[in-house]
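Asker: need coordinates for the below:
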Amino acid sequence: MLPITPLFFLIAFASVNALLFTPALPLMSVFFGVTEAVAENFMTVFLIGYTLGQLVYGPFSNRYGRRRSLMIGTFMQIGSQLVCLAGVATQQFWLLLLGRFFMAIGSGVGLKMTFTLVSETLSPERASRVIALVSMAFALSPALSVAAGAYLTVVFGWESIFYGATVYGLIILLFIKTLPETCQHKDRDALNPVKLLQNLRLQFADRQLVCWAMMMGSTTAIAYLFATLAPFIAISEAGLSEKAFGLYNLVPAIGLVSGGLIAAHLSARVSQRMALSAGLGITAVSVVLMGVATYLKMPVLWMLFVPMITVNFGNALIYPNASVLALKKATDKSNASAVMSFINMGFATVMVLAAGFTTPGQLVFMAALVLLTIFMALCLWGRR
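Answerer: Numbers count the residues shown, from 1 in each chain. Model prediction:
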């Protein structure tokens with residue numbers, strides 16, 4: 001029996017650690033005396049560590065088991081907060097980034113293990129419903145994390161965010177004890193470099209896995225681009241306070257919750273491909289509406305936050321169905337989910353890195369949304 005509640009916290013583990021800090025980015029850039037573009041590296045370094053960590057946990061969990069891998073990743077996430085706090089105490093930005101990197105590797109265990117546990121214990125139909133439900137936590141975590149981060153920043157100072165991330169790690173440790181060990185036969189050679197490369201090569205050769213994982217990556221990229229660019233668009237450009245930004249950031253969550261519930265309801269009634277097509281159509285229309293609002297120079301609430309309701313609704317239909325299709329035919333669920341998560345997060349990382357070479361703004365966000373929507377359409381068309 002697989003308990004669902006721990007999965008809500010587990011799948012959002014990395015997202016919380018990534019985005020809890022975003023309301024404080026403008027303040028952190030001032031504190032460390034760096035430009036806003038350099039401050040964006042706080043997100044970029046996290047995404048790089050998050051992405052690389054996905055490949056590690058596949059063979060590692062095959063060797064030592066799912067629960068032990070979860071424990072190690074969580075302890076790494078908790079320990080990394082001390083490194084970040086040391087960077088704050090000494091005003092060394094590089095030390096902050098180092099802690100951030102290991103925070104990403106540690107918390108990255110949550111996403112990969114969620115998919116592994118679900119795919120190993122449930123049928124594809126049941127897995128689709130569960131992934132749709134727990135993906136609401138994954139989708140909601142950006143908005144809730146930013147709101148919580150804004151609250152901590154305003155009330156206790158931005159340094160308090162590291163303590164908040166530590167508390168989340170301790171909650172994960174408590175939940176790990178309730179999860180089943182689904183690795184029945186530990187592979188002593190799983191970390192052998194030759195076998196490891198052979199397994200990874202086999203997974204990357206699976207075109208179906210790669211295609212659906214890239215669709216997942218497109219939705220993830222939209223979420224992380226929004227989290228990275230929205231503070232600069234809303235606070236620096238539009239003049240919102242950190243507190244107002246945190247509240248506005250809850251608006252897009254309407255689409256995440258409703259989309260997640262609809263995706264779960266449709267899982268037993270329509271095919272994954274049909275749900276994907278519907279989600280992509282909704283996202284495409286939403287991007288057009290955001291473009292119109294941007295052209296008309298409407299207030300930031302209507303130009304950015306309200307259109308994200310339907311963008312997120314569409315993405316909530318895409319993400320869980322793409323993940324089920326990616327793992328549907330995989331025999332080695334652990335390594336397949338590791339590669340899927342690597343591609344998913346790697347795609348998002350590339351997009352955030354590309355955005356880092358630009359001046360943060362609404363037009364950059366709009367251009368990225370258009371490109372990602374077209375790319376998802378090509379992926380879906382290519383798998384017909």
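Asker: what's near enough to touch Leu20?
Answerer: Leu20 is in contact with Ser145, Val146, Ala148, Gly149, Leu152, Ile161, Gly164, Ala165, counting by Cβ atoms under 8 Å, 6 or more residues apart in numbering. Quick note: C-beta positions are derived from backbone N, CA and C, even for glycine.
Asker: actually, Gln208.
Answerer: Counted by Cβ under 8 Å, 6+ apart, Gln208 has contacts Leu325, Ala326, Lys328, Lys329, Arg383.
Asker: hmm, try it at 10 Å
Answerer: If a contact means Cβ atoms under 10 Å, 6 or more residues apart in numbering, then Gln208 has Leu325, Ala326, Leu327, Lys328, Lys329, Ala330, Arg383 as its contacts.
Asker: so Ala137 makes contact with Leu256?
Answerer: Yes. Counting by Cβ atoms under 10 Å, Ala137 touches Leu256, with 9.4 Å between them.
Asker: sorry, back to before: now pLDDT too, for the contacts of Gln208, in JSON lines please.
Answerer: What follows is these, written out as JSON lines (pLDDT from 0 to 100):
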{"residue": "Leu325", "pLDDT": "86"}
{"residue": "Ala326", "pLDDT": "86"}
{"residue": "Leu327", "pLDDT": "82"}
{"residue": "Lys328", "pLDDT": "80"}
{"residue": "Lys329", "pLDDT": "79"}
{"residue": "Ala330", "pLDDT": "77"}
{"residue": "Arg383", "pLDDT": "59"}
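Asker: Leu170: which of those residues is nearest?
Answerer: Leu327 (30.2 Å; Cβ to Cβ).
Asker: following the worst-scoring helix or strand of the chain on mean pLDDT, which helix or strand comes up?
Answerer: Sorted by mean pLDDT, DSSP states H and E, the helices and strands of the chain end with helix 36-39, the least confident at a mean of 71. Note on helix 36-39: by DSSP states H and E, the next helix or strand toward the C-terminus is helix 41-64.
Asker: for the residue lying closest to Lys243 once chain neighbours are set aside, what are its contacts?
Answerer: Nearest non-adjacent residue to Lys243, counting by Cβ to Cβ, 6 or more residues apart in numbering: Val154, 5.1 Å away. Taking Cβ under 10 Å, 6+ apart, we find Val154 in contact with Pro23, Ala24, Ser241, Glu242, Lys243, Gly246.
Asker: was I right about Asn41 contacting Ala355?
Answerer: No. The criterion here is Cβ under 10 Å, and Asn41 misses it with Ala355 at 11.8 Å.
Asker: what ranges of the stretch 51-200 of the chain fall below the confidence cut-off?
Answerer: Counting by pLDDT under 70, the ranges of the stretch 51-200 of the chain that qualify are 139.
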